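Engineer: Need a 3D model of the sequence below.
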Amino acid sequence: MRDEAEVARYIERFAGELADAGMQRMAARVFVALLAADSASMTSAELAESLQISPAAVSSAIAYLSQIRMVHREREPGSRRDRYRLHNELWYETYSERDKLLARFEMVLREGAQALGPNTPAGIRAQESAEFFAFLQAEFVGIMERWRNRER
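Structural biologist: This is a model prediction of the structure:
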């Protein structure tokens, strides 16, 4: 049997860690509430009641979490109500998106190195930064492959 007070403390603690890492505070709370739900899904009303927040706060949080592809909306069968659900391979999907971000950073930094002048201090710094992101991207691909192999 779950201790709901302990679950509430867990939600707030993990949400605080996510907020400290840069996630919007309310989105972090909604995300962790979904993570803590056995079904990994809740309606807007359930989230509002569970977290003691307004439906508008839930809506804003869900919009953000949908944008960063951590949750998706699905229609409750036989109902007009939406349920919000975590993606099946949540962390894998979330971090796979980060790979695209690393590639974009690398590309823009390489362009910047050329624009700044490849032999100037700023151009050299941009080129070194691009190399760093290329390295991260290569390592990241290997990490994701090792995770997939581990899960098999």
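Engineer: And the helices in this protein, which stretches?
Structural biologist: Secondary structure of the chain by DSSP state H: the helices cover 4-20, 25-36, 44-51, 55-67, 90-116, 121-151.
Engineer: quick one: the fourth one to helix 44-51, angle?
Structural biologist: Read that as helix 55-67. If you take axes from the mean of the first three to the mean of the last three Cα atoms, to 10 degrees, helix 55-67 sits at 110 degrees to helix 44-51.
Engineer: Pull the residues that contact helix 55-67.
Structural biologist: Identification of contacts with helix 55-67 by Cβ atoms under 8 Å, 6 or more residues apart in numbering yields 24, 26-27, 29-31, 44-45, 47-48, 51, 71-73, 84. In this view, the C-beta of every residue, glycine as well, is placed from N, C-alpha and C.
Engineer: can you check the shortest one too?
Structural biologist: Contact partners of helix 44-51, identified using Cβ under 8 Å, 6+ apart, comprise 11, 29-30, 33-34, 42, 53-55, 57-59, 62, 81-82, 84.
Engineer: which of these lies closest to M144?
Structural biologist: Nearest to M144 among the contacts of helix 44-51 is L34, at 23.2 Å by Cβ to Cβ.
Engineer: Provide a list of residues in contact with the closest one.
Structural biologist: If a contact means Cβ under 8 Å, 6+ apart, then L34 has A40, S41, M42, L47, V71, Y84, R85, L86 as its contacts.
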